[in-house]
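Take a look and give me a structure for this.
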Amino acid sequence: MGTLQIQNINLAFGDLTLLNEVSFTLSSGDHVALAGGNGAGKTTLLKVIKGELKSDSGAITLSRGMRIAYLPQAEIVHANNTLYGEVELVFNRFNPLLKRQGEIERILATLSEDEDHLALSNELSQIQEKLLEGPYYRRRAIIEQILKGLGFTPDDLERPCEEFSGGWQMRIALAKVLVEDAEVMLLDEPTNYLDIDSLLFLRSFIKSYQGIAILVSHDQDFLDETVSVVYELFHGKLTPYRGNYSNYLVQREEELVLLEKRYKEQQREIAKTEQFIERFRYKATKARQVQSRIKQLEKVPIIEIPSHLQRIKFSFPEGPHSPNDVVRVANLAKSYGEHEIFNNFSMLVNKGDRLAITGRNGSGKTTLLRILAQIDLDYEGEVKVGPGIKIGYFAQDSVQYLNLANTVLQEVEGVASTDDFGSLRSLLGAFLFRGDEVDKRVSVLSGGERSRLALAKILLHPANLLILDEPTSHLDINAKNVLLEALQTYKGTLIFVSHDTHFIKNIANRILYLSETKEELFEGDWNYFAWKMGQREEVEEEVNLKAVNNTTFEWQEEKRLKNRYQNLVKEGNRLLEEIELLDQEINRVIDAMALEENYSERGKIVPLLEAKERLERERNHKEEAWFKCHNEVEELKALYGF
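All right, here's what the predicted structure looks like:
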């Protein structure tokens, strides 16, 4: 069992301390999450562990032979290779073994039989055993399985990497990490660009992963299913919480109740002290006491509530009255060129529905939302929005409608139905704009910050139909839960696209699943949807099992040849050992023949000569068998790449 030991790691950038005496030890099979607010140092810690960032002090120790695979959060671009070729680069770690194997084989071809020949033969056998026991000869099956799980098709394998968009580029990077199967996996927001099917695949992969996994994610369900400890980073300090992420939130909630009580008490004491200072600041008789109180204030360690756990609530403005039939879709057809998205699709959305739309990327989810929101009118069939319906629509491109000259606060003031600046600041806090950040110009915001601001603006509009495209994409778990609580009390109708299972599970009462071939409407919540999909998977597994039993001759032949190759390698190694033993026995007989007491007497020398001849015949027979075995091994390697 391998271990990863982090000892007293410290790292600061100027006056900002990100890591302060961070220490923990993980063993094989430990799966943990890093929690903390934006900027708390989660990504920084991953980079330090990987060795991409040097700490100011401390040490990181890995058990011998352990490797670290790291998926960064930042965008990665792969180029100058096919998809399959790019992922296969992971197996370059076997190149030294393959190179040494080739060197030994060339040397053995020129050596006569001596001790060097035997030593090299043994080394060659060890190399071949390592290659056979490891994943090298199974690399194509491994790569194809993981790429399929992450949503790539067989036709994608030979596509140039340059043809894949940013989200798919990150999937390529994730595939390389999973294929590498290192002893330590560091994943920074691995679910960001995954659809529901790929997310479930990744979740299953990590649950069965036997190495050390350290995860940073804003997907609560994903963490609940994959980790058993949560490490919280706050002001550089690392605190462990046993259990999954939901357990961590419960434990933290209990602590926060006490912390908020202490915070309020401390604020009252500070206010009393400041009041005393202001009252007697200019009285000479109280000067010493005033100075004493000032020094006391300076020494008080201010209690802080972690920003990512602060309880913030907001409610939607009341929308107009809604009819029962909110949206009626009849015989919808939509295509992009020859690519058909919808064909004869019909659906009715009723008042109060919480309809989640999910499925693989590229199946038409965003297209359907644009049609329902009456943004895209280029379709066949009928889409009828009920009278009096007022739509609030959030799309990934909603950021283009922001006024870059405004501050964050000014941008929401323009659409808010309230003059209560405190409420607006609370709302912005829920969307991760806290303190002075509300005074930032929109022009200096990052893409994720602009997306959060655009979402906040949509939610401030009085609407009785909300249509939201991936509303949780740029939110942390606390912000998601704030939005979740608000949507649970929302009195209008909600249609949303999401791959966040926790979000869907706690809101949806109907689920529309889109695939490349059909649309399926599940009249129930997430649990009903998961149950129906689980039934289908059982049927598919049964079908796949039958397919395996009736597989093609080519596959059976490949398996037979691979087994043949492995058996030949083992047989060759066994024959070499037996040849070595026979050579030792022959040498002992020759030594005995050289003794005067033996060669001077016919009765002793004749049996020794006969024994030598018998042993040499047996050795020659085994050498012929070894050469035959070796030649077949070489042929299989040349023909099939074993």
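
going forward, measure contacts and count neighbours with C-alpha atoms only.
Will do.

So in this structure, where's the weakest helix or strand by average pLDDT?
Across the helices and strands of the chain, mean pLDDT, DSSP states H and E gives its lowest value to helix 526-549, namely a mean of 61.

After that helix, which helix or strand is next?
Next in sequence after helix 526-549, counting helices and strands by DSSP states H and E, comes helix 553-593.

And the next helix or strand past that following helix?
helix 596-599.

Who are the packing partners of that following helix?
The contact analysis (3 or more CA pairs under 8 Å, 6 or more residues apart in numbering; DSSP states H and E) places helix 596-599 against helix 602-640.

distance between the helix it packs on and the chain's centre?
With CA atoms, centre = their mean, to the nearest Å as the basis, helix 602-640 stands 55 Å off its chain's centre.

average model confidence for that helix?
What helix 602-640 shows for mean pLDDT is 82.

Any buried residues in that helix, and which?
Neighbour-count burial for helix 602-640 flags 605, 608, 611-612, 615-616, 619, 622-623, 626, 629-630, 632-633 (criterion: 16 or more other CA atoms under 10 Å).

Save these as CSV, and put in distance to residue 508 too.
Listed next are these as CSV, based on distance: CA to CA, whole Å:
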residue, distance to residue 508
605, 95
608, 90
611, 86
612, 85
615, 81
616, 81
619, 76
622, 72
623, 72
626, 67
629, 64
630, 63
632, 61
633, 59
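
wait, which of those residues is closest to residue 55?
Distance to residue 55 across the buried residues of helix 602-640 (CA to CA) is lowest for residue 633, with 50.0 Å.

any idea of the pLDDT on the nearest residue to that closest one once chain neighbours are set aside?
Nearest non-adjacent residue to residue 633, counting by CA to CA, 6 or more residues apart in numbering: residue 565, 6.1 Å away. With respect to pLDDT, residue 565 scores 80.

Could you check how far residue 565 is from residue 96?
Using CA to CA, to the nearest Å, we find residue 565 at a distance of 22 Å from residue 96.

Mind checking which of the two has more residues around it?
Counted by other CA atoms under 10 Å, residue 565 and residue 96 do not tie: residue 565 has more neighbours, with 21 against 10.

Count the residues that sit near the closest residue to residue 351 other than its chain neighbours.
Excluding the flanking residues, the one nearest residue 351 by CA to CA, 6+ apart is residue 324, at 4.8 Å. Using other CA under 10 Å, the number of residues around residue 324 comes to 12.

same question, residue 14
Look at residue 14: counted by other CA under 10 Å, it has 6 neighbours.

Need the residue closest to the centroid of the protein.
By CA atoms, centre = their mean, the mean C-alpha position of the chain lies nearest to residue 190, the distance being 3.0 Å.

pretty sure that one is touching residue 174, no?
Yes. Counting by CA atoms under 8 Å, residue 190 touches residue 174, with 7.2 Å between them.

how does the chain divide into domains?
Domain segmentation of the chain under automatic domain parsing yields 3-78+164-243, 258-309, 324-387+463-468+490-550, 391-462, 554-640.

residues contacting residue 431?
Each residue near residue 431 by CA atoms under 8 Å, 6 or more residues apart in numbering is listed here: 452-453, 456, 475, 479.

In JSON lines, list those along with pLDDT.
Listed next are the contacts of residue 431 as JSON lines, based on pLDDT from 0 to 100:
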{"residue": "452", "pLDDT": "83"}
{"residue": "453", "pLDDT": "87"}
{"residue": "456", "pLDDT": "84"}
{"residue": "475", "pLDDT": "80"}
{"residue": "479", "pLDDT": "80"}
